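>>> heads up, no residue letters with this:
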């Protein structure tokens, strides 16, 4: 059976893969469930992506590119940037889960994706420039600030007794934004 | 075959369980590997713990109790407290992995462990008192400070391009300690 719109089918498979990998991780994901969700045969998944691992990588890279493009860093407003990252984590818990599974099941195996390392370097450069312009405090080095901002934006994404105690979304967001402001204000 | 020292065998099984769950998660862990590592039969694991899920819970609770007892909160020195938590994460990556698997595979299923919620409440109370005494800034509420300190202490534990760029342990630790200092100093 020929696929009428290969690009649309590819996107359907990426979406189905995101749902499956977010729920079960890489080892636990099943190609037959992904195929069923995308309304096609398991064989087609292999035709498109080669293997479960390669499908995971395609899903992971698509998600990262979407996030990087959708939420560009604003070095003159790092608290706002952290707030927008927080919003994205709240709206897309499946993305947070995907990244966490990747950390557990893939971290340290092979070099990080080039799109990701390039984006990380661009962030450091942007903060470096903002420090030279006096917009961002130089109390921390650029690599520290990048790590602090990204960590704080995700601080409520790990369910735990400390985070469960605070359920109000606006209050969670204010914690992130105010903490980043306090850390980076000149 | 009778077990000569049941308490020692129980501890061996908890240690083996920690290694297995940290590596493979709950769904991926195998009782036969745990039994082999502890030098006993799979049957004995079930005799002691009932099921894989119950063994996981026992391992998880033992780890939490050990961490809570080993690193008590010091509300008059929250940067130091964050630094000691950071040291613990660096020394015991298997514990960080165990907690992360728990978040992915168990979060939201059932109430959190009582030992954990009690410890979280004790932290909030301690910070509340420190704020009344003027030792800790009241710019954030106690629940916010608890979440900030715990998040920052673990900020380097998630492998990613932002964290991989900083490999020096002393520099990582200083980031945590200085960020907490900046956030909580009166």
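Received the coordinates, thanks. It should be emphasised that the depicted structure is a prediction, and the values quoted were computed from it without experimental measurement.

>>> what ranges of chain A fall below the confidence cut-off?
A:1-2, A:108-109, A:112, A:160-162 (pLDDT under 70).

>>> the domain parsing of it - what is it?
Structural domains assigned to chain A are A:1-59, A:71-186, following automatic domain parsing.

>>> Most tightly packed of these?
domain A:71-186 (a mean of 18; mean count of other CB atoms under 10 Å in any protein chain shown). Using the backbone N, CA and C atoms, a C-beta is placed for each residue, glycine as well.

>>> to the chain's geometric centre, what's the distance from stretch A:163-177?
19 Å (CA atoms, centre = their mean, to the nearest Å).

>>> In chain A, where's the longest helix?
If you go by DSSP state H, chain A has its longest helix at helix A:6-28.

>>> chain center to the helix or strand following that one, what's the gap?
Sequence-wise, the next helix or strand beyond helix A:6-28 is helix A:31-38, with elements assigned using DSSP states H and E. Centre-to-centre, helix A:31-38 and its host chain are 23 Å apart (CA atoms, centre = their mean).

>>> Just the residues contacting helix A:31-38, thanks.
Residues outside helix A:31-38 that contact it (CB atoms under 8 Å, 6 or more residues apart in numbering or on different chains): A:9, A:12-13, A:15-17, A:19-20, A:41-42, A:44-46, A:52, A:55.

>>> Contacts made by the helix or strand immediately after that helix in the chain with the rest, please.
Toward the C-terminus, helix A:31-38 is succeeded by helix A:42-49 as the next helix or strand (DSSP H and E). Residues from elsewhere that reach helix A:42-49, judged by CB under 8 Å, 6+ apart: A:3, A:9, A:10, A:13, A:31, A:32, A:34, A:35, A:38, A:55, A:58.

>>> before we move on, which element is residue A:148 in?
Per DSSP H and E: helix A:142-153 holds residue A:148.

>>> could you give the angle of that helix to helix B:142-153?
130 degrees (axes from the mean of the first three to the mean of the last three CA atoms, to 10 degrees).

>>> Just checking helix A:142-153 against chain B, any contact.
Yes - Helix A:142-153 lies within reach of chain B by CB under 8 Å from any CB of the partner chain, at A:143, A:144, A:146, A:147, A:148, A:150, A:151, A:152.

>>> So which of the contacts of helix A:31-38 is the closest to residue A:164?
residue A:19 (24.5 Å; CB to CB).

>>> tell me the contacts of the closest one?
A:37, A:94.

>>> what about it, distance to residue A:98?
10 Å (CB to CB, to the nearest Å).

>>> Over to residue A:45?
Distance from residue A:45 to residue A:98, by CB to CB: 17 Å.

>>> same question, residue A:120
18 Å.

>>> Same question for residue A:16.
From residue A:16 across to residue A:98, the span is 13 Å (CB to CB).

>>> Hmm, residue A:133 and residue A:186 touching each other?
No - assessed by CB atoms under 8 Å, residue A:186 is found out of contact with residue A:133, at 9.8 Å.

>>> and for the two, which residues touch both?
Counting by CB under 8 Å, 6+ apart, nothing touches both residue A:186 and residue A:133.

>>> coming back round to it: so the longest helix of chain A versus helix A:31-38, what angle?
Using the same axes, to 10 degrees: helix A:6-28 against helix A:31-38 is 140 degrees.

>>> who are the neighbours in contact with the residue nearest to residue A:129 when sequence neighbours are not counted?
Once flanking residues are discounted, residue A:129 sits nearest to residue A:75: 6.8 Å by CB to CB, 6 or more residues apart in numbering or on different chains. Residue A:75 is in contact with A:126, A:127, A:129, A:130, A:135, A:136, counting by CB under 8 Å, 6+ apart.

>>> Could I get the phi/psi values of residue A:137?
Here the main-chain torsion angles of residue A:137 (degrees, to the nearest 10) amount to phi -60, psi 150.

>>> what does the host helix or strand of residue A:96 rub up against?
Following DSSP H and E, one finds residue A:96 within helix A:93-106. Contact with helix A:93-106 is made by A:18-19, A:21-23, A:25-27, A:56, A:59-60, A:63, A:67, A:88-89, A:154, A:157, B:25, B:97, B:100-101, B:103-104, B:158-160, as judged by CB under 8 Å, 6+ apart.

>>> If we use 6 Å, what do you get?
A:21, A:22, A:25, A:26, A:60, A:63, A:89, A:157, B:100, B:104, B:158, B:159 (CB atoms under 6 Å, 6 or more residues apart in numbering or on different chains).

>>> and those residues, which two are the farthest apart?
A:26 and A:89 (20.7 Å).

>>> what does chain A have sitting close to chain B?
Applying CB under 6 Å from any CB of the partner chain, we find that chain A lies next to chain B at A:27-28, A:100, A:103-104, A:107, A:112, A:116-117, A:120, A:143-144, A:146-148, A:150-151, A:155, A:158-159, A:161-163, A:165-166, A:175, A:179, A:182-183.

>>> swap the cut-off to 7 Å and go again
Residues of chain A found near chain B (CB under 7 Å from any CB of the partner chain) are A:25, A:27-28, A:97, A:100-101, A:103-104, A:107-108, A:112, A:116-117, A:120, A:140, A:143-144, A:146-148, A:150-152, A:155, A:158-159, A:161-166, A:175, A:179, A:182-183.

>>> if we can go back for a sec, let's have the contacts of helix A:93-106 in TSV, adding distance to residue A:71.
Listed next are the contacts of helix A:93-106 as TSV, based on distance: CB to CB, whole Å:
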residue	distance to residue A:71
A:21	21
A:22	19
A:25	25
A:26	25
A:60	17
A:63	12
A:89	10
A:157	15
B:100	24
B:104	23
B:158	18
B:159	21
